[in-house]
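Novice: pasted the sequence and its predicted model underneath.
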Amino acid sequence: MAELDAVTRLYAEIWGTAPGRSPISAEIMRALAHAGNYVVGAYENGRLVGASVAFLGEPAGITLHSHITGIAGATAGRGIGLALKLHQRQWALARGLKRITWTYDPLIRRNAHFNLTKLGARPEEYLRSFYGAMGDAINGGDESDRVLAAWDLTAPLPAPGIPGIALPPGAVPLLRDSDGHPQLQDTQGEFVVIELPGDIEGLRRADPAGARAWRHAVRHTLGDLLADGARVLGLHDRRGYVVHRAATPTPDPLSTGSTP
């Protein structure tokens, strides 16, 4: 329990909440771990610097759902988050699981780059205001739209150091960053790009209305496309989702018209 209490304090520090309002309690982590789920800490020279909590999900026997992962701010950029995810992958494979899912804020570029480019996960579903209003320091009262990412553990890991995917021929912008503001483009291209703001977390603090405009713009582009069956192919240039629209079914001429 002492180790789990340390995780709650670490999470409270990362998310900027009061110590008693950590995103997850030590008691819940204790119960999850005892029931056979994934509760793991990352240590550097004996000091807790990161932690991850995941639980078994649907389809049963196939999926692990990663609920929360956090890394101490002072250790950012040192590969601790990647080490945790690779350990989580190893843990899941050892138990015969085939995929890991998690949610993330689709507006945060570095998270999108980490999830799609470094790990090879892909967005499957857009979840509107999934956790309700969140008043912590990271979310800043913004609506908690999330993307459900799925990581296929049967696929090989991406080669390290790749910058992202190249644009398919004919790809056109659907949502552009125009001097920090979201700008929708009228396009019906088969391949479209949805650009992201440079720093949504800073924008929430400096310009809440501007942050809301980005939230709604991504919701009504990426969200609507995923709902229509489109596929996110990856991230281009660390700044834009590349999306392949779902093909529109061609009507069968023998099945149309009225029956006499």
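Specialist: Received, thanks.
Novice: list the contacts for residue 217?
Specialist: 175, 182, 184 (C-beta atoms under 8 Å, 6 or more residues apart in numbering). Yep, even glycine has a C-beta here, placed from its N, CA and C like the rest.
Novice: which one of those residues has the most neighbours?
Specialist: Greatest neighbour count in the contacts of residue 217, by other C-beta atoms under 10 Å, goes to residue 175: 23 neighbours.
Novice: show the contacting residues for residue 190.
Specialist: With C-beta under 8 Å, 6+ apart, residue 190 has these contacts: 170, 244-245.
Novice: and the gap between it and residue 13?
Specialist: As defined by C-beta to C-beta, to the nearest Å, residue 190 lies at a distance of 45 Å from residue 13.
Novice: how about residue 207?
Specialist: 26 Å.
Novice: not counting sequence-adjacent ones, nearest residue to the residue nearest in space to the middle of the chain?
Specialist: In the chain, the C-alpha nearest the mean C-alpha coordinate belongs to residue 104, at 2.8 Å (C-alpha atoms, centre = their mean). Nearest residue to residue 104, sequence neighbours excluded (C-beta to C-beta, 6 or more residues apart in numbering): residue 111, at 4.8 Å.
Novice: now do the one you found, the pLDDT please.
Specialist: Residue 111 is assigned a pLDDT of 94 by the prediction.
Novice: dihedrals phi and psi, it?
Specialist: Backbone torsions of residue 111, given as degrees, to the nearest 10, read phi -70, psi -40.
Novice: mind checking the SS state of residue 219?
Specialist: helix (DSSP: H, G, I helix; E, B strand; the rest coil).
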